[in-house]
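1. Next come a sequence and a model predicted from it.
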Amino acid sequence: MALAADPILLVAGKWLGIASGMLAVLMVVGFLARWGIRFRLVGITSFTTLLAISCVAFAISYSPRLTIEGAVSVPVVFDNGADLVVAAAPADLPAEAVAPTVRQVASNLRGNGRNTPDGRVTVRLRRVEPAGDGVSRPVVLAEAQRDLMTGSVTLVNVAT
């Protein structure tokens, strides 16, 4: 099981669960006693229960991003939602940071909802370089493939 996003979320979920249980009892008493606030208690109880479930679910399901030593954080500039992701490298990215950076981008991909024929996603790290008068061209610095079934990342091509 992954570590919780923040242990306070589990504590908050527990206390909100206790509060929603107490509010549920109060709501039942309100209906039996025909209090004027009884319908507001339904809303308050429902909302508190929803908060409790949300806190616990988020704390359990959260998985932090993987950080690889030597990698630089780069933005993803294209993602077709299936089998291709392109990240933009800064102009001053050192050559020794190229491989760890593309590996980090590939490792942090989420496979949910991706529909690829072979279960692999290609991740490219590219930089845009000037090619003349007002013209630029993309240069692929590195390419990696991520297997969505196993989560393994394979470097395919690293330009030197």
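-> Alright, I've got the coordinates.
2. What residues sit buried inside the helix or strand where Leu23 lies?
-> With secondary structure defined by DSSP states H and E, Leu23 is part of helix 7-33. Judged by neighbour count (16 or more other CB atoms under 10 Å), helix 7-33 contains these buried residues: 9-10, 12-13, 16-17, 19-20, 23-24, 26-27, 30. In this view, the C-beta of every residue, glycine as well, is placed from N, C-alpha and C.
3. Give me the pLDDT for the residue in the chain sticking out farthest from the centre.
-> Relative to the centre of the chain, and counting by CA atoms, centre = their mean, the farthest-placed residue is Ala33 at 47.3 Å. At Ala33, the model reports a pLDDT of 96.
4. swap in the one 3 residues further on?
-> The predicted local distance difference test score for Gly36 is 94.
5. Neighbours of it, how many?
-> Per other CB atoms under 10 Å, the neighbour tally for Gly36 reads 7.
6. how close does Thr154 sit to Arg126?
-> 18 Å (CB to CB, to the nearest Å).
7. Compare the two and say which is more crowded by neighbours.
-> Arg126 (21 against 12).
8. Give me the residues contacting the one helix or strand that one maps to.
-> Assessed by DSSP H and E, Arg126 sits inside strand 120-132. Applying CB atoms under 8 Å, 6 or more residues apart in numbering, the set of residues contacting strand 120-132 from outside is 74, 82-91, 93, 98, 101-102, 105-106, 109, 111, 114, 136-148, 156.
9. Please list only the buried members of those.
-> 74, 83, 85-89, 93, 98, 101-102, 105-106, 109, 114, 141-148.
10. Val77 should be in a strand, yeah?
-> Yes - with DSSP: H, G, I helix; E, B strand; the rest coil as the criterion, Val77 is part of a strand.
11. I figured it hits Ala88, correct?
-> Yes - with contact defined as CB atoms under 8 Å, Val77 reaches Ala88; the gap is 4.6 Å.
12. what's the closest of the buried residues of helix 7-33 to Ser54?
-> Using CB to CB, Gly13 is the member of the buried residues of helix 7-33 that sits closest to Ser54, with 8.0 Å.
13. How about the contacts made by the closest one?
-> Contacts of Gly13 by CB under 8 Å, 6+ apart are 52-56, 59.
14. Give the ChimeraX command for selecting the buried subset of those residues.
-> Buried residues among these (16+ other CB under 10 Å), as a ChimeraX selection:
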select :52,55,56,59
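15. Take the contacts of Gly13 and keep only those in helices.
-> Residues of those located in helices (DSSP state H): 52-56, 59.
16. Need the residues you listed in CSV (columns: pLDDT and distance to Gly119).
-> Shown next, in CSV, are these (pLDDT from 0 to 100; distance: CB to CB, whole Å):
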residue, pLDDT, distance to Gly119
Ala52, 97, 37
Ile53, 96, 33
Ser54, 95, 32
Cys55, 93, 34
Val56, 92, 32
Ala59, 87, 30
